[in-house]
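[1] here is a sequence with its predicted model. Questions after.
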Amino acid sequence: MHDWLSWSLLNYLLEWVIRIVMLVVVTNRRRGSPMAWLLVIFFLPLPGLVLYWLIGENRLPRRRAGRHARLLDELSEISRRLEGHPAVVHPELPADQMPFVTLAERLGYMPIVGGNEARLMTETEEVIDLLVADIDAAERHVHLLYYIFADDETGRKVADALARAVARGVKCRVLVDAVGSRPMLRTLAPRMIEQGVDLHAALPVNLFRRRFARLDLRNHRKLAVIDGQLGYTGSQNIVNADYGHKDMAWHDMSVRLTGPVVLELQAVFVGDWYFETDEMLVSEDVFPDPPMLGAIAAQTLPSGPDYPTENYQRMVVAALHAARRHVIITSPYFVPDEAFLQALEVAVLRGVEVEIILPRRCDQVLVGAASRAYYEDLLHLGVKLHLYDDGLLHAKTMSVDDAVALVGSSNFDIRSFELNFEISLLFYGQHVTEYLRDQQNRYIARSGQLTREEWGRRPRLRRVMENITKLLSPLL
């Protein structure tokens, strides 16, 4: 009996020591979700402490921070080399678009460039077939960076194209996320490496975190660059459209690019490649003189925990504050932070029509529940909420008036704002924005608009579970 009381007292004291110490540690976080972490730690001190040690800190180690600084120095040299080239320009834009340009450049260190062509695509097979054809036409190098590269029909088709390119003497470098592409790394990757593809896993999971401060920092980017002349990015992975759910096809949006903006995609790949392999790719072969092929002004916005602020979040919040007439957002996962919710509210109060398109069914149970927990807030604010019925809408897009179109890999959720390494493209001008909005309207046509009355009729138990999940949404 005495031993039991002693252990109980020791456990009681230990739990309070953890609570008090972690109160100081967690509230000292410069960014992140301290209140959610304190909730977990105060209710479950020991499990909460272990969980915080594994995934609580999103600071990167000094080694990675130092590499990021060196990378920016190297890329600035390339930027200076290209500044005088007649194809790399800072095109004149209407005054209402210039704040976007300045903000994006200061957040992501990438300038606006003109002279681009862009082709928006929404069919998985079309994107893969074009990518394979472009790999088959490659002459110098192929660079691929994808969160999911699957060992399925789609993945093997791309892998075969890479093998053919290697056989022709083309250098093929592939980065895949260590978690998102884990099955492929065990099966397809060894064969690709044997065939001569230079393939590496990004952000390998390491319990001792020798390289990264937390286990769940993921490289969620999707991009391809061929010969430094042609690029792809967007929401689509190298995977079959029915990935994970045979009865729920994914609907993505990708963009095929030519022109100077491809060099910005190349710079993002070069940075991630350097972080994983120690190899700095800065030759003129990797960054060739860009052609001036079109009339589209574009700008790349990379984001992730190696930037001093949540730059993608700052961009979309600023876009909402700048909007004057109409904003449409599509995202598979929607877990907003307080600043984003307030920006939505202010936009609606100023008379801006705000529409958000989300999938009715979600492939992630907890994230889906957390997203639904915000529906009532959105409807109360006056946001038009459309639930997509034709599979999983996986496109991540935003159109602002007739001025700015955003397409990329980043969801509109706290994880993408704070933790994931993402990439987004900003397009300026009425033509490309109208083209994106036409596709967004097609999504709306295949959706049902949710009303406050309909949402208010959901079962009480479901409301309770969603609200509990909402408390933990910053951790998902």
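    Perfect, I can see it now.
[2] which ones are touching the residue lying closest to residue 355 once chain neighbours are set aside?
    With sequence-adjacent residues excluded and distances taken as CB to CB, 6 or more residues apart in numbering, residue 355 is closest to residue 384, at 4.4 Å. All C-beta atoms are positioned from the backbone trio N, CA, C, and that covers glycine. With contact set as CB atoms under 8 Å, 6 or more residues apart in numbering, residue 384 has these partners: 353-356, 449.
[3] of those, buried ones?
    Buried positions within these, assessed by neighbour count (16 or more other CB atoms under 10 Å), are 354-356.
[4] mind putting the contacts of residue 384 into JSON lines with distance to residue 111?
    Supplementary listing: these in JSON lines, determined by distance: CB to CB, whole Å:
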{"residue": "353", "distance to residue 111": "31"}
{"residue": "354", "distance to residue 111": "29"}
{"residue": "355", "distance to residue 111": "31"}
{"residue": "356", "distance to residue 111": "30"}
{"residue": "449", "distance to residue 111": "39"}
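[5] closest to residue 274 out of those?
    Looking at the contacts of residue 384 and their distance to residue 274, the nearest is residue 356, at 36.7 Å (CB to CB).
[6] let me know the secondary structure of that closest one.
    The local conformation at residue 356, judged by DSSP: H, G, I helix; E, B strand; the rest coil, is strand.
[7] nearest residue to the most centrally placed residue in the chain in space, please, no chain neighbours.
    With distances taken as CA atoms, centre = their mean, residue 410 lies nearest the centre of the chain, 2.6 Å away. Counting by CB to CB, 6+ apart, residue 410 lies nearest to residue 422, which is 3.8 Å off, once chain neighbours are set aside.
[8] domains in the protein, by residue range?
    By the assignment in automatic domain parsing, the chain contains the domains 2-55, 62-100+114-297, 311-475.
[9] between those, which gets nearest to residue 304?
    Closest approach to residue 304 among the domains of the chain (CB to CB): domain 311-475, 3.7 Å.
[10] does the residue nearest to the centre of the chain sit in a helix or strand, and which one?
    Residue 410 is located outside every helix and strand, with elements delineated by DSSP states H and E.
[11] next, the contact list for it, please.
    Taking CB under 8 Å, 6+ apart as the contact definition, residue 410 lies against 220, 303, 312, 396, 416, 420, 422-424.
[12] count of residues packed around the closest residue to residue 223 other than its chain neighbours?
    Spatially, and ignoring its direct neighbours in sequence, residue 223 is nearest to residue 233 (4.4 Å; CB to CB, 6+ apart). A count of neighbours around residue 233, defined by other CB atoms under 10 Å, yields 27.
[13] pretty sure residue 147 sits against residue 223.
    No. With contacts defined as CB atoms under 8 Å, residue 147 does not count as touching residue 223, sitting 10.3 Å away.
[14] pretty sure residue 47 is in a helix, no?
    Yes. Under the criterion used here (three-state DSSP), residue 47 sits inside a helix.
[15] which ones are touching it?
    Contact partners of residue 47, counting by CB under 8 Å, 6+ apart, are residue 40.
[16] cutoff 6 Å now
    Under the criterion of CB atoms under 6 Å, 6 or more residues apart in numbering, residue 47 has no contact partners.
[17] and the gap between it and residue 18?
    Applying CB to CB, to the nearest Å, one obtains 10 Å for the distance of residue 47 from residue 18.
[18] can you check residue 130 too?
    Shown here: residue 130 relative to residue 18, a distance of 54 Å by CB to CB.
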